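Student: Sharing a model prediction with you, sequence too.
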Amino acid sequence: MTNDVAIIGGGIVGLATAHALIEQQPDRRITVLDKERHWGAHQTGHNSGVIHSGLYYPPGSAKARFARAGGEAMYRFCTDHGIPVRRTGKVVVATSTDQLPRLAELQRRGTANGVQVSELDQIGLREREPHVRGVRALLVPDAGITDFAAVSEKLAELLAERGVDLRPATELLGVRRDGSDLVLLTDRGEIRTRRAVNCAGLHSDAVAELAGTTPPARVLPFRGEYYETTSFSRDLVNALVYPVPDPAFPFLGVHLTRMIDGSLHVGPNAVPALSREGYRWGAISPSHLQRLATDPGLRVLAKKYWRTGAAEIARSALKPLFLRAARTLLPDLRGHDLLRAEAGVRAQAITPDGTLVDDFLVVEDENWVHVLNAPSPAATASLLIGKDIAARLRSRG
């Protein structure tokens, strides 16, 4: 049997794409495959669970377009399906006066993106987050928290009910053409399909190469390391607290996240991972290291950001340095309050000239849609991203 669409990658974006396709055309034959036994095993399952509002993103960018409506769609989905979700709001805190111009720029962006945002002075910040230190802050009431792994599980359940062919523990090994069809070669047999969608996340550039495409950017995995506070200190923060980010670097800095289960996570930092799934320093891939050593884009990136990179690596190796960064926002935090938590790995696309791709990057041809960069707020906006991919497929017949 030939599928209408096969989706490689069972994270939240791949599953949301299948959901949008089957909603659009219920009799469509769809297969979703993933090399892991569980859906959402990588970026989705290691996500902080924050539903973003669209504050940070340049007006007119895909991230800005998706985040606001995508967040509301995620709130509705979670509510409709009994998935824990809370609209907690968040504060973005300037800890010094030299950060105020960047805070004002964030407020301008948020307003341009249709985000409800207001300014807090020190008294207003103290009323909302008594233990957080700052000179001024922005309040974003529509930010919230959920469990994106639970969302993925629910999507998979709904897809199974609709007759979608779900194939976990199925790894793509190669691709060949047979007339107008594609034949996906996997470790569990062949899958024939007319169209295919690459939502492979950390492996998206490798899948694009298997498909015969030269990707315009390569995936550079960054590990984000977190600490979890002890139960005695989790009440230091009520909701979500973020620093003012560095606009030159596509990471938000060490922040404080009150999770859906009530725990408090501190982090992440951002260090280059030594394998595509390098959740710890000991996870090393010789082939990945060889690629890093020969990648011209990485050399440019390292030269440009070596100070930032060195600081991130130092915070990874030395807990007191990580604590110092966290105490900029939360002075009452102590070293004994912090316990190592599970790390995540982010698939960050980088171009050959060393540019970190800051927006969604999608490449299409007559048979494929390749999602080569799906940074935050991809989980927040996954339901809308799935609809966008479905529309791309529909426009090509």
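Tutor: Now that the structure is in, tell me what you want to look at.

Student: surely G11 meets T44?
Tutor: Yes - assessed by C-beta atoms under 8 Å, G11 is found in contact with T44 at 4.3 Å. In this view, the C-beta of every residue, glycine as well, is placed from N, C-alpha and C.

Student: what ranges of the stretch 201-350 of the chain fall below the confidence cut-off?
Tutor: Within the stretch 201-350 of the chain, the set of residues satisfying pLDDT under 70 comprises 247-252.

Student: ok, G11 and T44, which is more surrounded?
Tutor: Regarding G11 and T44, a neighbour count based on other C-beta atoms under 10 Å identifies G11 as having more, with 29 against 24.

Student: List phi and psi for the more buried one.
Tutor: Reported as degrees, to the nearest 10, the phi and psi values for G11 are phi -80, psi -170.

Student: residues shared between the contacts of G11 and T44?
Tutor: By C-beta atoms under 8 Å, 6 or more residues apart in numbering, G11 and T44 have these common neighbours: S152.

Student: where do the strands sit along the stretch 1-150 of the chain?
Tutor: Taking DSSP state E, counting those that start in this stretch as the criterion, the stretch 1-150 of the chain carries its strands at 2-8, 30-33, 50-51, 85-86, 90-94, 118-120, 136-140, 144-146.

Student: let me redo that: the stretch 151-300 of the chain
Tutor: For the stretch 151-300 of the chain, the strands defined by DSSP E, counting those that start in this stretch cover 165-167, 172-178, 181-186, 189-198, 218-224, 227-229, 240-243, 255-258, 264-267, 271-272.

Student: Could I get those strands in TSV, plus columns for mean neighbour count and distance to I51?
Tutor: Compiled in TSV, the strands of the stretch 151-300 of the chain are given as follows (neighbours: other C-beta atoms under 10 Å; distance: least, C-beta to C-beta, whole Å):
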stretch	mean neighbour count	distance to I51
strand 165-167	17	26
strand 172-178	14	31
strand 181-186	18	33
strand 189-198	19	24
strand 218-224	23	18
strand 227-229	21	20
strand 240-243	24	10
strand 255-258	24	12
strand 264-267	24	15
strand 271-272	20	26
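
Student: what about the strands of the stretch 1-150 of the chain, which gets the closest to A239?
Tutor: Smallest distance to A239 across the strands of the stretch 1-150 of the chain (C-beta to C-beta): 6.1 Å, for strand 90-94.

Student: same question for that closest one, mean pLDDT?
Tutor: Within the predicted structure, the mean pLDDT of strand 90-94 is 97.

Student: ok, now stretch 175-190?
Tutor: 96.

Student: what number of residues lie near the nearest residue to T351 once chain neighbours are set aside?
Tutor: The shortest distance from T351 to any residue that is not its chain neighbour, by C-beta to C-beta, 6 or more residues apart in numbering, is 4.9 Å, and that residue is A217. Here the count is done by other C-beta under 10 Å, and A217 has 21 residues near it.

Student: I figured A217 hits G354, correct?
Tutor: No - in this structure A217 lies outside contact range of G354 using C-beta under 8 Å: 10.8 Å.

Student: Tell me if I'm right that S285 and R276 touch.
Tutor: Yes - with contact defined as C-beta under 8 Å, S285 reaches R276; the gap is 6.8 Å.

Student: and the two? which has more neighbours close in?
Tutor: Neighbours around S285 and R276, counted as other C-beta under 10 Å, are more numerous at R276. The numbers are 21 against 16.

Student: tell me the contacts of the closest residue to the more buried one other than its chain neighbours?
Tutor: Spatial nearest neighbour of R276, excluding adjacent residues (C-beta to C-beta, 6+ apart): L202 at 4.7 Å. With contacts defined as C-beta under 8 Å, 6+ apart, the neighbours of L202 are 42-43, 219, 221, 276-277, 345, 347.

Student: R86 now?
Tutor: Applying C-beta under 8 Å, 6+ apart, we find R86 in contact with 144-146, 260.

Student: Same list (those) but as a markdown table, adding neighbour count and distance to T2.
Tutor: Supplementary listing: those in a markdown table, determined by neighbours: other C-beta atoms under 10 Å; distance: C-beta to C-beta, whole Å:
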| residue | neighbour count | distance to T2 |
| --- | --- | --- |
| G144 | 25 | 41 |
| I145 | 21 | 42 |
| T146 | 24 | 37 |
| I260 | 20 | 41 |
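
Student: how about JSON lines for those residues, with distance to R324 added?
Tutor: Putting the contacts of R86 into JSON lines (distance: C-beta to C-beta, whole Å) gives the following:
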{"residue": "G144", "distance to R324": "29"}
{"residue": "I145", "distance to R324": "26"}
{"residue": "T146", "distance to R324": "31"}
{"residue": "I260", "distance to R324": "28"}
